[in-house]
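[1] Model the following, please.
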Amino acid sequence: MRRYTTPTLELVVQGIDLTGYEVYVTLCQQGDEITTQVAPEDMAHGEDGTTITVDYTQEQTASLEEGRAKVQVNWLDGEGRRNATNIATVRVDGNLLGRTVGNG
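    The predicted structure is shown next:
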(Lines give C-alpha, C1' and ligand atoms only; values in the text may rest on other atoms or scores of the structure.)
Protein backbone atom coordinates (compact mmCIF):
# COMPACT_ATOMS: atom_id res chain seq x y z
CA MET A 1 0.00 0.00 0.00
CA ARG A 2 1.34 3.42 -0.89
CA ARG A 3 0.51 6.71 0.83
CA TYR A 4 -1.79 9.14 -1.06
CA THR A 5 -3.11 6.40 -3.38
CA THR A 6 -6.41 4.53 -3.61
CA PRO A 7 -5.39 0.89 -3.12
CA THR A 8 -7.55 -2.16 -2.70
CA LEU A 9 -6.38 -4.36 0.16
CA GLU A 10 -7.21 -8.05 -0.35
CA LEU A 11 -7.29 -10.29 2.72
CA VAL A 12 -8.07 -14.00 3.02
CA VAL A 13 -9.55 -15.31 6.26
CA GLN A 14 -8.82 -19.01 6.09
CA GLY A 15 -11.17 -21.77 7.12
CA ILE A 16 -14.41 -19.83 7.56
CA ASP A 17 -17.25 -18.51 5.45
CA LEU A 18 -17.83 -14.92 6.57
CA THR A 19 -20.41 -14.09 3.91
CA GLY A 20 -23.57 -13.06 5.68
CA TYR A 21 -21.67 -11.88 8.76
CA GLU A 22 -21.03 -8.33 9.94
CA VAL A 23 -17.33 -7.90 9.08
CA TYR A 24 -14.86 -5.11 9.88
CA VAL A 25 -11.26 -4.54 8.76
CA THR A 26 -9.05 -2.35 10.93
CA LEU A 27 -5.71 -0.81 10.00
CA CYS A 28 -3.78 0.56 12.96
CA GLN A 29 -0.54 2.47 13.14
CA GLN A 30 0.91 4.37 16.09
CA GLY A 31 -2.46 4.47 17.84
CA ASP A 32 -4.40 5.80 14.85
CA GLU A 33 -6.92 3.44 13.27
CA ILE A 34 -8.98 3.16 10.13
CA THR A 35 -11.91 0.77 10.52
CA THR A 36 -14.07 -0.16 7.54
CA GLN A 37 -17.25 -2.21 7.57
CA VAL A 38 -17.06 -4.66 4.68
CA ALA A 39 -19.99 -4.69 2.27
CA PRO A 40 -21.42 -8.13 1.39
CA GLU A 41 -20.38 -7.71 -2.25
CA ASP A 42 -16.76 -7.26 -1.10
CA MET A 43 -16.58 -10.78 0.33
CA ALA A 44 -16.37 -14.10 -1.49
CA HIS A 45 -16.12 -17.59 -0.03
CA GLY A 46 -13.88 -20.09 -1.78
CA GLU A 47 -11.64 -23.09 -1.13
CA ASP A 48 -9.17 -21.13 0.97
CA GLY A 49 -11.75 -19.31 3.10
CA THR A 50 -13.25 -15.86 2.68
CA THR A 51 -11.56 -13.29 0.46
CA ILE A 52 -12.24 -9.72 1.56
CA THR A 53 -11.46 -6.59 -0.45
CA VAL A 54 -11.34 -3.14 1.08
CA ASP A 55 -10.83 0.08 -0.90
CA TYR A 56 -9.04 3.04 0.68
CA THR A 57 -9.12 6.73 -0.23
CA GLN A 58 -6.18 9.05 -0.75
CA GLU A 59 -7.03 10.75 2.55
CA GLN A 60 -7.01 7.44 4.41
CA THR A 61 -3.65 6.31 3.03
CA ALA A 62 -2.23 9.81 3.60
CA SER A 63 -2.92 9.38 7.32
CA LEU A 64 -0.50 6.44 7.44
CA GLU A 65 3.24 6.75 7.90
CA GLU A 66 5.86 4.87 5.92
CA GLY A 67 6.66 1.53 7.53
CA ARG A 68 4.34 -1.13 8.87
CA ALA A 69 0.67 -0.97 9.81
CA LYS A 70 -1.24 -3.63 11.70
CA VAL A 71 -4.35 -5.16 10.12
CA GLN A 72 -7.07 -7.32 11.65
CA VAL A 73 -10.49 -8.66 10.64
CA ASN A 74 -13.31 -8.78 13.22
CA TRP A 75 -16.80 -10.22 12.68
CA LEU A 76 -20.11 -10.82 14.37
CA ASP A 77 -21.99 -13.99 13.53
CA GLY A 78 -25.77 -14.30 13.28
CA GLU A 79 -26.02 -14.90 17.04
CA GLY A 80 -24.03 -11.80 17.97
CA ARG A 81 -20.82 -13.63 18.85
CA ARG A 82 -17.68 -11.72 17.96
CA ASN A 83 -14.44 -13.21 16.71
CA ALA A 84 -11.23 -11.90 15.14
CA THR A 85 -8.22 -13.00 13.17
CA ASN A 86 -4.67 -12.80 14.38
CA ILE A 87 -3.09 -9.40 13.84
CA ALA A 88 -1.04 -9.22 10.64
CA THR A 89 1.03 -6.41 9.14
CA VAL A 90 1.01 -4.59 5.81
CA ARG A 91 3.78 -2.46 4.38
CA VAL A 92 3.11 1.24 3.81
CA ASP A 93 5.35 2.83 1.19
CA GLY A 94 6.01 6.51 0.64
CA ASN A 95 4.95 8.72 -2.25
CA LEU A 96 6.94 11.56 -3.80
CA LEU A 97 3.70 13.42 -4.55
CA GLY A 98 2.74 14.00 -0.92
CA ARG A 99 -0.75 15.39 -1.39
CA THR A 100 -4.13 14.32 -2.66
CA VAL A 101 -4.94 15.00 -6.31
CA GLY A 102 -8.09 15.00 -8.41
CA ASN A 103 -11.20 14.12 -6.44
CA GLY A 104 -9.19 12.95 -3.46
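[2] OK, contacts around the residue nearest in space to the middle of the chain?
    Residue closest to the average C-alpha location in the chain (Cα atoms, centre = their mean): residue 25, at 4.5 Å. By Cβ atoms under 8 Å, 6 or more residues apart in numbering, residue 25 lies in contact with 9, 11, 35-36, 38, 52, 54, 71-73. Where C-beta positions appear, they are placed from N, C-alpha and C, glycine not excepted.
[3] Skipping adjacent residues, who's closest to residue 57 in space?
    In space, and not counting its chain neighbours, residue 57 is closest to residue 6: 6.1 Å by Cβ to Cβ, 6 or more residues apart in numbering.
[4] Determine the three-state secondary structure at that neighbour.
    coil (DSSP: H, G, I helix; E, B strand; the rest coil).
[5] neighbouring contacts of the longest strand belonging to the chain?
    With secondary structure taken from DSSP state E, the chain has its longest strand at strand 67-76. If you take Cβ under 8 Å, 6+ apart as the criterion, strand 67-76 is touched by 1, 9, 11, 13, 18, 21-29, 52, 82-92.
[6] List the buried residues for that strand?
    69, 71-73, 75 (16 or more other Cβ atoms under 10 Å).
[7] Pick the one among the residues you listed closest to residue 59.
    residue 69 (15.3 Å; Cβ to Cβ).
[8] can you count the residues close to residue 21?
    19 (other Cβ atoms under 10 Å).
[9] Give the full set of residues in contact with it.
    Residue 21 neighbours (Cβ under 8 Å, 6+ apart): 75-78.
[10] can we see that at 6 Å?
    Counting by Cβ atoms under 6 Å, 6 or more residues apart in numbering, residue 21 makes contact with 75, 77.
[11] Repeat that for residue 24.
    For residue 24, counting by Cβ under 6 Å, 6+ apart, the contacting residues are 35, 37, 74.
[12] if I look at residue 71, how far off is residue 101?
    Taking Cβ to Cβ, to the nearest Å as the measure, residue 71 and residue 101 are separated by 26 Å.
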